[in-house]
Each structure stands twice: as C-alpha cells, then as structure tokens.
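**Q** What shape does this take:
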Amino acid sequence: MIQSLPKTIGLNRSTMVVLDTLRKQRNVADYSGDLVSPGVVNECIAHAQSLLTEVTKHLATSHPGLAD
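**A** Numbers count the residues shown, from 1 in each chain. From the prediction side, this is the model:
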C-alpha cells in the first residue's frame, strides 16, 4: 500500500500523497474508461522511477541481502 511507504522506507509524506493521487486517477481511468493525458502519464512514470530509486536505496541500506 502506498500509504505505508513513509513508515516502511521513510518516503516523505508529500510524495506519498502525490503517488496516492496518481493511483486514484489510474483507478478512475480503469473503471470509467476515461483517457489519461500524456502529461499525467509522464508524471506517473517520473514518480515511478523515483520510487524505484528510493526503494532500491532503502533495500541497499536496510536489507543489503535483498538488494542484489
């Protein structure tokens, strides 16, 4: 769950709020069939890449055996 990231990997709350907002937008698009704008897609990709970096960094620091 996105809401657990501040406690599990130390993600700042404002980033968690942005990720949760993007998740909600995706859910609306999934259920309504509405199109997602290219800008929102690009924002989502950028945040996903940033999150991957944060998780990788957290694993390397806190659980080095899992980061390989």
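
**Q** Figure out the helix or strand that residue 53 lives in.
**A** Using DSSP states H and E, residue 53 sits in helix 38-62.

**Q** I'd like the average pLDDT over that helix.
**A** Per-region confidence: helix 38-62 scores 94 on mean pLDDT.

**Q** What is that helix packed up against?
**A** In this structure, helix 38-62 makes packing contacts with helix 13-32, judged by 3 or more Cβ pairs under 8 Å, 6 or more residues apart in numbering; DSSP states H and E. (C-beta placed from N, C-alpha, C; glycine too.)

**Q** List the buried residues in the helix it packs on.
**A** Within helix 13-32, the residues that qualify as buried are 15, 16, 18, 19, 22, 25, counting by 16 or more other Cβ atoms under 10 Å.

**Q** pLDDT check: weakest of these?
**A** When the buried residues of helix 13-32 are compared by pLDDT, residue 25 scores lowest at 90.

**Q** which residue packs closest to that residue, ignoring adjacent ones?
**A** residue 40 (6.3 Å; Cβ to Cβ, 6 or more residues apart in numbering).

**Q** Contact partners for residue 26?
**A** Taking Cβ atoms under 8 Å, 6 or more residues apart in numbering as the criterion, residue 26 is in contact with 36, 44.

**Q** Looks like residue 35 contacts residue 29 (just checking).
**A** Yes. Using Cβ atoms under 8 Å, residue 35 is in contact with residue 29, at 7.2 Å.

**Q** Please, which helix or strand holds residue 6?
**A** Using DSSP H and E, residue 6 falls in helix 5-8.

**Q** tell me what that helix is packed against?
**A** Helix 5-8 packs on helix 13-32, going by 3+ Cβ pairs under 8 Å, 6+ apart.

**Q** quick one: the helix it packs on to helix 38-62, angle?
**A** Using axes from the mean of the first three to the mean of the last three Cα atoms, to 10 degrees, the inter-axis angle of helix 13-32 relative to helix 38-62 is 130 degrees.

**Q** Distance from the chain centre to helix 13-32, please.
**A** Distance, stretch centre to chain centre, for helix 13-32: 9 Å (Cα atoms, centre = their mean, to the nearest Å).

**Q** Show me the contact partners of stretch 2-15.
**A** Contacts for stretch 2-15 (Cβ under 8 Å, 6+ apart): 16, 19, 20, 23, 47, 50, 51, 54, 55, 58.
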